[in-house]
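1. return a 3D structure for these sequence lines:
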Amino acid sequence: MLVPEPFRYVITDFDRLAFERFVPKDHQLVIAEKNIAWEEFRPELEEYYSRNMGQPALDPVRMLKMEFLRYMYNLSDRQVMERVTSDLTFRFFLQVGYGFQVPDPSLLSRFRGRLGMEGFGKVFDKLVSQARRTGVVKDRLRLKDASHVIASIAIPTTLTLVAEIRDRLLAAMKPFDPQLVAGQEIEVELLRTRTASERDELRLEARVTHLRELVVLAQLLPTPQDATTNSAWQKLLQTRELAEKILRDRDHPNDGRKTLSVTDPEARRGKHGEWYEGYVTDILMDADSGLITQVNVLEAGGDEAKDAVEMVRNEEATHGNDIENLSIDGAGFNGEMLRTLDDMGVTTFVPPKTAPVSPRFSADEFTLNAEGTAVTCPAGQSSQYRQRDEERHATIFRFTRKVCDACPLAGNCMAKLGEGLFGRTVQKNDYEPEYQRARERAQTAAFADVRREHPAVERKLNEIMNHHDGRHAKYRGRQKVQIQQYMTCLVVNVKCFLKLVTTPRPALA
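-> Sure, this is the predicted structure:
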């Protein structure tokens, strides 16, 4: 409950004297307290508090500052409270005197749960708004890059994974039919005894079969009247959905996006140099100020091109600005992304993929007719068949075997003559105009200038991942990892912003 309690935060003359004598004026926290408008975060924070229910709450702005200290110095909740107890600089930053009673560390965990991903996103955006107000953030160029985050999980064997989700499903079913669960627990023990001497493959198959039966039994449980508000029922639905997902992964092993762990079911396997299990942190950075303007967390192997569009949209919707240019690495050589950003008025600079070199006629040398129904080859012949490939956003055109066999240019067109049901096959991508513009842009001086600026975002990611341990997920679940990255990027932005506002600017001639 939000109630004014100024007595908690009284700063006496003794406190002022202690701060004056023992807190360095050039300390980073002193500069942050004086140059960041912390009170401007209050409206966003108070949205998540009740004004007339519960115990009096600790001031939310000071709670945010404590959370900031965690990420600034890579501390745990308990370590933050210990430092607040003994460190005068921390107390100055929080603007509390010697009479301030340091709360239990668990209060920080409750604060994170109260704000959630949405609240921390608003806090992050508010700091960017403050920076924009000072004029340091420009809209000339955004640099986009991503890096991997290692999930806080141990990867179990498939046998262990199935056993873990089975036990969780039984525990979730117990409040609704304890007698049924008791019988299934006996079945689990019998199953373990019967298969103890079997090969792992047979033991796994037996457990998978039993898990399928449990999922069916869970589906048959009667829905309680208060299903939408019954937390135990909602937990059962979530656990059942996870069990169904693990079974689908087993039925379709080549589909990808496999669940790796029941402790963090959203973590995925991806490749960033080497294989890893976890997430991807994706950022947009203003090239002029070095401030991060957007941050998002994707599952490993997530669509970075699609996310680039979403981040540009989110920034422009939040701040009402118009981004002029975007620099992105090879993941951005994506026709759909290029077209969408072009429609939004954003010029994209991306290294094009190298086209394969072939001595034979390329697809570009086949002319598409106005209706898009056929292509004409260099010899003047038209294709007879076409087929859509929706997954690749392309149309496939085929020439007849008879036409190609009689063509005097066949040797320059096909590697193998006289083989196969059809003659030459040509694929035309829907986004070929966008790809061509990207290739042409890559030959310009403007492209070279932009790409010289791009390494700055890689250095920024290094600061996030290595200096502030953004590389390792502190929590489990994508939304909680997103909160971690919001706060990490907030700290990185504060450091960058303070450097900008405190560094003397050269006088104009």
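
2. okay, CA-based contacts and neighbour counts for the rest of this
-> OK.

3. correct me, but residue 181 touches residue 173?
-> Yes: with contact defined as CA atoms under 8 Å, residue 181 counts as touching residue 173 (6.9 Å).

4. these two: which is more packed in?
-> For residue 181 against residue 173, the residue with the higher neighbour count under other CA atoms under 10 Å is residue 173, and the figures read 24 against 20.

5. how about that one, phi and psi?
-> Dihedral pair for residue 173: phi -80, psi -20, per degrees, to the nearest 10.

6. chain center to the top helix by length along the chain, what's the gap?
-> Across the chain, the helix with the greatest residue count (assigned by DSSP state H) is helix 106-134. Taking CA atoms, centre = their mean, to the nearest Å, one finds helix 106-134 lying 17 Å from the centre of the chain it belongs to.

7. before we move on, back to that, quick one: common contacting residues for residue 181 and residue 173?
-> In terms of CA atoms under 8 Å, 6 or more residues apart in numbering, residue 181 and residue 173 are not both contacted by any residue.

8. picking that back up, who does the longest helix of the chain touch, helix- and strand-wise?
-> Taking 3 or more CA pairs under 8 Å, 6 or more residues apart in numbering; DSSP states H and E as the contact definition, the neighbouring helices and strands of helix 106-134 are helix 42-46, helix 60-72, helix 77-86, strand 292-299, helix 478-502.

9. burial measure for residue 502, as a count.
-> 10.

10. how about the contacts made by it?
-> Residue 502 makes contact with no residue under the criterion CA under 8 Å, 6+ apart.

11. now it: how far from residue 295?
-> With distances taken as CA to CA, to the nearest Å, residue 502 is found 25 Å from residue 295.

12. just residue 381 next, same as before
-> Distance from residue 381 to residue 295, by CA to CA: 51 Å.

13. give me the more crowded residue out of the two.
-> When residue 381 and residue 295 are compared on other CA under 10 Å, the one with more neighbours turns out to be residue 295, at 23 against 14.

14. so the more buried one touches residue 282, yeah?
-> Yes: shown here, residue 295 and residue 282 form a contact pair, counting by CA under 8 Å, at 5.7 Å.

15. wait, a strand at residue 270?
-> Yes: going by DSSP: H, G, I helix; E, B strand; the rest coil, the assignment for residue 270 places it inside a strand.

16. okay, now it: neighbour count?
-> For residue 270, which is what you asked about, the neighbour count (other CA under 10 Å) is 19.

17. just how off-centre is stretch 222-231 within its chain?
-> Shown here is stretch 222-231, whose average C-alpha point lies 32 Å from the average C-alpha point of the whole chain (CA atoms, centre = their mean).

18. pull out the buried residues from it.
-> Buried residues in stretch 222-231, defined by neighbour count with 16 or more other CA atoms under 10 Å: none.

19. ok, and what's touching that stretch?
-> Residues contacting stretch 222-231 (CA under 8 Å, 6+ apart): 233, 234.

20. go on, stretch 32-49?
-> Residues from elsewhere that reach stretch 32-49, judged by CA under 8 Å, 6+ apart: 1-2, 60-61, 93, 114-115, 119, 122-123, 126, 130, 494, 498.

21. please, a ChimeraX command that selects the buried ones among those residues?
-> In ChimeraX syntax, the buried subset of the contacts of stretch 32-49 is picked out as below (16+ other CA under 10 Å):
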select :2,60,61,93,114,115,119,122,123,126,130,494,498
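
22. would JSON lines of the contacts of stretch 32-49 with distance to residue 480 and pLDDT be doable?
-> Putting the contacts of stretch 32-49 into JSON lines (distance: CA to CA, whole Å; pLDDT from 0 to 100) gives the following:
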{"residue": "1", "distance to residue 480": "24", "pLDDT": "62"}
{"residue": "2", "distance to residue 480": "25", "pLDDT": "73"}
{"residue": "60", "distance to residue 480": "19", "pLDDT": "93"}
{"residue": "61", "distance to residue 480": "20", "pLDDT": "94"}
{"residue": "93", "distance to residue 480": "26", "pLDDT": "95"}
{"residue": "114", "distance to residue 480": "12", "pLDDT": "93"}
{"residue": "115", "distance to residue 480": "11", "pLDDT": "94"}
{"residue": "119", "distance to residue 480": "12", "pLDDT": "96"}
{"residue": "122", "distance to residue 480": "15", "pLDDT": "97"}
{"residue": "123", "distance to residue 480": "15", "pLDDT": "97"}
{"residue": "126", "distance to residue 480": "20", "pLDDT": "96"}
{"residue": "130", "distance to residue 480": "25", "pLDDT": "95"}
{"residue": "494", "distance to residue 480": "21", "pLDDT": "96"}
{"residue": "498", "distance to residue 480": "27", "pLDDT": "94"}
